[in-house]
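1. just to be clear, the model below is a prediction. Sequence and coordinates:
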Amino acid sequence: MFANPWSYLIVIAVLIVASLAFYAIKLLRQLKKQTAQQAQAEQERQRSLNQHDKKILDSIVIIVRAMKEEQCDISEGCWRLSVLLDSLKTSENHHQQFPAIFELYEAIKHMPILEARKKLEKRERMKLDFERVKIEARLADAVKENVNTLHQYAAERVAALT
C-alpha cells in the first residue's frame, strides 16, 4: 500500500498529533468541569457566610433597638455587640467603625459576670460597679452615636443579604 517509508512516518505523525489533540481536548473539558465545580463551591461558601452574617446582623439589630429603648444596659449591650461584630465573616474593620462600643467592651471585659460575680465580696462588686459606671458615663454619648450608626449599618447589610 505505502511504498515510501516517509508515508509510514507521516501516518505515525498524524496518529500521534491526533492522539495528543484528543488528550488536550479531554484535559480542557476536565479543566472546564473543575472550574465550574470550584465556582459552584465558592458560591455555596459565600451563601453560607451570608446566611451566618444575616443571623448575626439580625441579633445586632435586636440588641441595638433594646439599647436605644434603654431595655438593655449600655455595658451589656456593648459586650454583646462587640462579640457579635467580631463574629461577622464577610466584613471587617468594626473596631474602627464603632470605636466607642469596643472601647467600653475592652474596659469591662475583665470584670466577672454571672456566678463569678456572685462569688465576689460585696465591697469588690461595688468597686467594679463604680468602675463600670464611670466608664459608661465617660463613653455614653459616643456609644449612643455608635449604636445609631450600627443600627443603620446592620439594617442596610441585612437588606443587602436578603
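-> Cool, got the structure. Residues are numbered from 1 along each chain as shown.
2. what does stretch 92-105 contact?
-> Under the criterion Cβ atoms under 8 Å, 6 or more residues apart in numbering, residues 74-75, 78-79, 81-82, 85-86, 88, 135-136, 139, 142-143, 145-147, 149-150, 153 lie in contact with stretch 92-105. Where you see a C-beta, it was placed from the backbone N, CA and C, and this is true even at glycine.
3. right, and the helix or strand after the worst-scoring helix or strand of the chain on mean pLDDT?
-> One helix or strand of the chain scores below all others by mean pLDDT, DSSP states H and E: helix 114-118, with a mean of 89. Scanning forward in sequence from helix 114-118 by DSSP states H and E, the next helix or strand is helix 122-161.
4. for that following helix, name the packing helices and strands.
-> With contacts defined as 3 or more Cβ pairs under 8 Å, 6 or more residues apart in numbering; DSSP states H and E, the packing partners of helix 122-161 are helix 5-68, helix 74-86, helix 94-97, helix 99-108.
5. so which elements touch the least confident helix or strand of the chain?
-> Going by 3+ Cβ pairs under 8 Å, 6+ apart, helix 114-118 lies up against no helix or strand.
6. residues making contact with it?
-> By Cβ under 8 Å, 6+ apart, helix 114-118 touches 111, 125, 128.
7. in what helix or strand does the first one lie?
-> Put plainly, it is M111. Using DSSP H and E, no helix or strand contains M111.
8. ok, it - contacts?
-> 117, 128, 131-132.
9. any chance of those residues in TSV, plus distance to K32 and neighbour count?
-> Listed next are the contacts of M111 as TSV, based on distance: Cβ to Cβ, whole Å; neighbours: other Cβ atoms under 10 Å:
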residue	distance to K32	neighbour count
R117	60	13
L128	63	16
E131	63	14
R132	60	17
